[in-house]
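Asks: Provide a 3D model corresponding to the input given below.
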Amino acid sequence: GNTAFEAIRQLMGISTKKLYFGHCKLIVIGESLARSGIRELLDLPLRNHELRTTMDVVVARGCSGRDILLTKGLTTTIVSYRICDLLKTCEKFDGCAGRDKDYQIYDMLETQGLEITVPALERTQIDGEDMARLCGAGVFSGDRLVGWLTEKQAAQLSLLRGEYKTGLVTIESADSPFYNTSFEIYKAKTDTKLSRAPDGTVTAEVRVKLRVNVGETQSKTEFLDRAQTEKTAYALEKNVEHDLNHIADLAQHSYRCDIIGIGKRLKETDPAAWKALGPDWKTNFSKVRFHIRAEVVIISSGVSSVAD
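Replies: Okay, here's the model as predicted:
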């Protein structure tokens, strides 16, 4: 068919019955289709009463949507249901890219000063079986796919946006090179304030506050010692600042897409500035100056006393 709606209706010539879509929970978009544009595809559920507007949306990396749906479910035979559960779990416990419904993504496509990211899936083999695996997020310019974020980068973007819930971060131990320490992020808060210089340059002051637990350490750091704990927290702060600055640089200069939402925030807080900068925001976004500072509090080391 010339449209998705026409193609669905033409399927009746194969199934002999009108298809029922009330149970559908997921839209999987192949990479080639995502690179050509997804706006028309997402328009269908909003206009057709037979389709849900609350379906999850994912993009397939390196394959078609069909390839993803033909993989094997690890916990259920219905692959789409497994993927929805996977997105829900990873968003809650792994800090991955935001899980937006189709109507939310369409709304963001119409929002000035904000580009979208969509969770990405790829095919992988586990014990000889093809399965779908969450592999980060797709980056869109308008409604066209232009690149990818890794799982770690997608989580960092979520933190930079202020959408992070809980997850893990691992760094090299401050006092023991080649040994790692993993922290569970218990609570995260991101505050972003924008200011505009006389020359029109926008500055984003980003403050990230993290409360973390020590999940595992390979080093000999004594977390009951306040000095060592503060040294470790400082090392984690610098690691977070470096990672978030990298994401900002990636968005500004590699993809030239405001996936952080600085333009949207500027429009809300300073309409006059947006009126001047908005028409050429892709260029002006690349000139935004980010000042990112992280504050880490280690609230638990997992050890209540020194062993005898």
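Asks: Next one: residue 191 from residue 162, what distance?
Replies: Distance, residue 191 to residue 162, using C-beta to C-beta, to the nearest Å: 8 Å. The way it works is simple: take the backbone N, C-alpha and C, and place the C-beta from them, glycine included.
Asks: meant to ask about residue 58, not that
Replies: On the measure of C-beta to C-beta, residue 58 and residue 162 end up 23 Å apart.
Asks: The two: who's more crowded?
Replies: Neighbour totals were compared for residue 58 and residue 162, and residue 58 leads with 26 against 16 (other C-beta atoms under 10 Å).
Asks: Over to residue 221. Which of the three states is it?
Replies: Secondary structure, DSSP: H, G, I helix; E, B strand; the rest coil: residue 221 is coil.
Asks: Quick check: it touching residue 173?
Replies: Yes: at 6.0 Å, residue 221 counts as touching residue 173 under the criterion of C-beta atoms under 8 Å.
Asks: joint contacts of the two?
Replies: Both residue 221 and residue 173 are contacted by 181, 232, under the criterion C-beta atoms under 8 Å, 6 or more residues apart in numbering.
Asks: So the closest residue to residue 158 other than its chain neighbours versus residue 216, what's the distance?
Replies: Leaving aside its chain neighbours, residue 158 sits nearest to residue 164 (4.7 Å; criterion: C-beta to C-beta, 6 or more residues apart in numbering). Distance of residue 164 to residue 216, given as C-beta to C-beta: 20 Å.
Asks: Between these two, which has more neighbouring residues?
Replies: Neighbours per residue (other C-beta under 10 Å) separate residue 164 from residue 216, with residue 164 holding more: 23 against 12.
Asks: For the more buried one, give its distance to residue 189.
Replies: Counting by C-beta to C-beta, the gap from residue 164 to residue 189 is 9 Å.
Asks: quick one: common contacting residues for those two?
Replies: Residues touching both residue 164 and residue 189 by C-beta under 8 Å, 6+ apart: none at all.
Asks: Do a quick rundown of the strands in this protein.
Replies: For the chain, the strands defined by DSSP state E cover 26-29, 56-60, 117-126, 129-141, 144-149, 167-172, 180-196, 202-217, 289-300.
Asks: need those strands in a markdown table with distance to residue 227 and mean pLDDT, can you?
Replies: Below are the strands of the chain laid out as a markdown table (distance: least, C-beta to C-beta, whole Å; pLDDT from 0 to 100):
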| stretch | distance to residue 227 | mean pLDDT |
| --- | --- | --- |
| strand 26-29 | 50 | 92 |
| strand 56-60 | 46 | 94 |
| strand 117-126 | 40 | 90 |
| strand 129-141 | 37 | 90 |
| strand 144-149 | 37 | 96 |
| strand 167-172 | 18 | 87 |
| strand 180-196 | 16 | 93 |
| strand 202-217 | 16 | 94 |
| strand 289-300 | 13 | 94 |
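Asks: Using TSV, lay out the ones you listed together with distance to residue 66.
Replies: Shown next, in TSV, are the strands of the chain (distance: least, C-beta to C-beta, whole Å):
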stretch	distance to residue 66
strand 26-29	8
strand 56-60	9
strand 117-126	11
strand 129-141	12
strand 144-149	17
strand 167-172	31
strand 180-196	36
strand 202-217	39
strand 289-300	40
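Asks: Please identify the most buried of the ones you listed.
Replies: For the strands of the chain, the largest average neighbour count (mean count of other C-beta atoms under 10 Å) is found in strand 56-60, namely a mean of 25.
Asks: Report the inter-axis angle for it versus strand 117-126.
Replies: Angle of strand 56-60 versus strand 117-126, following axes from the mean of the first three to the mean of the last three C-alpha atoms, to 10 degrees, is 60 degrees.
Asks: Go ahead and produce CSV holding the CA coordinates of strand 56-60.
Replies: C-alpha atoms of strand 56-60 as CSV (Å, rounded to 0.1, in the frame of the first residue of the first chain):
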residue,chain,number,x,y,z
ASP,A,56,6.0,1.7,23.1
VAL,A,57,8.2,2.6,20.2
VAL,A,58,11.6,1.2,19.4
VAL,A,59,14.0,1.3,16.5
ALA,A,60,15.9,-1.8,15.2
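Asks: any idea how far residue 89 lies from residue 134?
Replies: Separation of residue 89 from residue 134 (C-beta to C-beta): 10 Å.
Asks: Can you pull out the low-pLDDT segments for this structure?
Replies: For the chain, the stretches with pLDDT under 70 are 1, 73-76, 93, 95-98, 174-177, 302-308.
Asks: wouldn't residue 65 be in contact with residue 31 here?
Replies: No: using C-beta under 8 Å, residue 65 is not in contact with residue 31, being 9.0 Å away.
Asks: How about residue 147: what's its closest non-neighbour residue?
Replies: Nearest residue to residue 147, sequence neighbours excluded (C-beta to C-beta, 6+ apart): residue 139, at 4.5 Å.
Asks: Show me the beta-bridge partners of the one you found.
Replies: Beta bridges link residue 139 to residue 117, residue 147, judged by DSSP bridges.
Asks: Thanks again, I'm all set now.
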